[in-house]
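Q: Mind looking at a prediction? Sequence and model below.
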Amino acid sequence: MADKKKERISIFIDGSNLYHSLKRLNISKIDFQKLINKLKNNRKIVSVFYYNAPLDINYNLKTYWEQQRFFDELRKLSLFKVILCKMRKIRKEGKIIDYEVKGDDVHLTVDLISGAYENLYDVAIIVSGDEDFVPALKKVQQLGKKVENAYFISSSSSALKHSSNVSICINKFIKEII
């Protein structure tokens, strides 16, 4: 009997969601290759997408260049694609300025759905707690693909977890990927 063909997986990482989830745990850095290997679980990786936005160079030059080096390190990982979106400056009450990543969810959704239509993967793993992805997950599942949600307790959406075929709590293995 022939060996069963390994499932092909694509991983879609919501960078902003991941960053803020790690920050809540007082973790500044993880080993992305270890994260990928943990999620891979004896399957074949075909692509890994990481969505984020470059910081404002005028706000903090040192932090900007640290982030650029981080993106360069991710690009060196096998099958890793860094998708950069826009960073929007928001003025809040008084002189408080905040920043928000814009377009990342749309890029992730387009890559997720187009990959399903083009039969580029068998299983999509969404690393996020953002329930905005639920309609896209349902469409991918209608196209015959499985969806797994890797999440943190602090930023998980029950709607996203319940819409997925499998849910993976990153908190359970966080020490293995630091």
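A: Yes, it's here.
Q: going forward, measure contacts and count neighbours with C-alpha atoms only.
A: OK.
Q: What strands line up against the longest strand seen in the chain, and which way round?
A: Ranked by residue count and defined by DSSP state E, the top strand of the chain is strand 44-52. Using DSSP bridges, strand 44-52 pairs in its sheet with strand 8-14 (parallel), strand 80-84 (parallel).
Q: hey, which of these is tucked in deepest?
A: strand 8-14 (a mean of 22; mean count of other C-alpha atoms under 10 Å).
Q: Dump the strands paired with strand 44-52 to CSV, plus distance to Lys34.
A: Written out in CSV, the entries for the strands paired with strand 44-52 read as follows (distance: least, C-alpha to C-alpha, whole Å):
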stretch, distance to Lys34
strand 8-14, 13
strand 80-84, 13
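Q: tell me which residues of stretch 65-75 are tucked away?
A: Along stretch 65-75, these residues count as buried under the neighbour rule (16 or more other C-alpha atoms under 10 Å): Phe71, Leu74.
Q: Is it possible to get JSON lines of the strands paired with strand 44-52 that adds mean pLDDT?
A: Listed next are the strands paired with strand 44-52 as JSON lines, based on pLDDT from 0 to 100:
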{"stretch": "strand 8-14", "mean pLDDT": "97"}
{"stretch": "strand 80-84", "mean pLDDT": "96"}
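Q: Of these, give the one that comes closest to Asn171.
A: Nearest to Asn171 among those is strand 8-14 (15.8 Å), distances taken as C-alpha to C-alpha.
Q: what sits up against that closest one?
A: Identification of contacts with strand 8-14 by C-alpha atoms under 8 Å, 6 or more residues apart in numbering yields 36, 40, 43-52, 104-105, 108, 112, 120-128.
Q: Then stretch 17-30?
A: The list of residues contacting stretch 17-30 from outside it, by C-alpha under 8 Å, 6+ apart, reads Val127, Ser128, Gly129, Asp130, Phe152, Ser154, Ser155, Ile177, Ile178.
Q: The third one and Ser156 touch, don't they?
A: What it means is Gly129. Yes - the pair Gly129 and Ser156 qualifies as a contact (C-alpha atoms under 8 Å) at a distance of 4.1 Å.
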